[in-house]
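*Asks:* the following block contains a protein sequence and its predicted model.
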2 protein chains.
Amino acid sequence: MMNDFLSLDKQLCFAVYETAGEFNKLYTSALKPFKLTYPQYLVLLALWENDQVTMKQLGERVNLGTGTLNPMISRMQEKGWVRKERSTEDERKVYVALEEKAFEEKSSITKRVAEEIQLCNISMNEYGELMERLNELHKKMKQRSKSIDA
Amino acid sequence: MMNDFLSLDKQLCFAVYETAGEFNKLYTSALKPFKLTYPQYLVLLALWENDQVTMKQLGERVNLGTGTLNPMISRMQEKGWVRKERSTEDERKVYVALEEKAFEEKSSITKRVAEEIQLCNISMNEYGELMERLNELHKKMKQRSKSIDA
DNA sequence: TATGATTTAATCGTACACGATATAAATACA
DNA sequence: TGTATTTATATCGTGTACGATTAAATCATA
């Protein structure tokens, strides 16, 4: 029983690890024409939904700490996707805002990504099922890490 | 229809990304006492199954290129987990072999990891289901990336 | 209102991760 | 035999990722 569990766990951690890697490669190739990386695209997705947020809020949305996010946003700023604006009311806060370029290119970027994904022939059903189960797992893992912190 | 697809995709890539991140954190904390990282543990898992393989073979098993694997194996060598041995028959090849330490600590490492995982209260059923679906997806994504290369 | 605690960003050190390039050994074959 | 191609590993540059530390602004409260 314990052994079954261990062996399943071994397989699952490989599966998650490798699937994440494949996603990375897939998106990397789709995003290459735009000179965007996969994590940068995830940040854009978050910002397209909700612009003008602080670094902290953005970090919570994409699950990244300041040590990762800060240099990444700086690079995106240099490439003209976003700008940082320090709040005048509370000078600790820095707001991240989308630049015109990010709005203009939104539809070509998402279109390109969708085309690439569809090459994988994944059905909507498969997609939905997998995601539900991933989210269940994700939720449990987050619960654990929170209870550890406490 | 296209929009449903796009929105599902967006959610799925987030879900995979974040779940991979949570796995990383979970294993990182479980492996800390052994001074192992999560990718290093995956390499050990592969080597416990099959020792004495070349860098190339190992890279295929864990889905990592030489640019990632080589410095990682060097670090693991410095810490006494493995050793590199250049083949005398074909001097291009380098075999990776486990050191005694890796055999000795195997059971305490896997035990520690299993304990940590069980804190998440994941049932065997959930585990198995999720993995099957991940593997389906993974297979399709690999097919795609292979057909691109060709 | 001074000051200690909290909040927010930025920086630092270590370790992946990948594609591109370099190097050297082995093989193919004209 | 000699040269071109292939194969295996190593290195390089860029970009995540994370925990720990630093620094500055704000807040709480004595």
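*Replies:* The structure has been received and is ready for your questions.
*Asks:* secondary structure element for the most centrally placed residue in chain A?
*Replies:* In chain A, the centroid-proximal residue (C-alpha atoms, centre = their mean) is A:Leu42; its distance is 3.6 Å. Per DSSP states H and E, A:Leu42 falls inside helix A:38-49.
*Asks:* in chain A, where is pLDDT below threshold?
*Replies:* Counting by pLDDT under 70, chain A has low-confidence residues at A:1-6, A:145-150.
*Asks:* buried ones in the helix ranked longest in chain A, by neighbour count?
*Replies:* Scanning chain A for the helix with the most residues, using DSSP state H, yields helix A:2-31. Of the residues in helix A:2-31, A:8-27, A:30-31 count as buried by neighbour count, 16 or more other C-beta atoms under 10 Å in any protein chain shown. (C-beta placed from N, C-alpha, C; glycine too.)
*Asks:* quick one: the residue nearest to the centre of chain A and B:Cys13 touch, right?
*Replies:* Yes - counting by C-beta atoms under 8 Å, B:Cys13 is a contact partner of A:Leu42 at 7.2 Å.
*Asks:* quick check: residues of chain A near DNA strand D?
*Replies:* Contact residues, chain A versus DNA strand D (C-beta under 7 Å from any atom of the strand): A:37-40, A:63-68, A:71-72, A:75, A:89-92.
*Asks:* so which of those residues are also by DNA strand C?
*Replies:* Restricting these to those adjacent to DNA strand C (criterion: C-beta under 7 Å from any atom of the strand) gives A:Thr66, A:Gly67, A:Pro71, A:Asp90, A:Arg92.
*Asks:* name the element the second one belongs to?
*Replies:* Following DSSP H and E, one finds A:Gly67 within helix A:66-78.
*Asks:* also A:Val96?
*Replies:* strand A:94-98.
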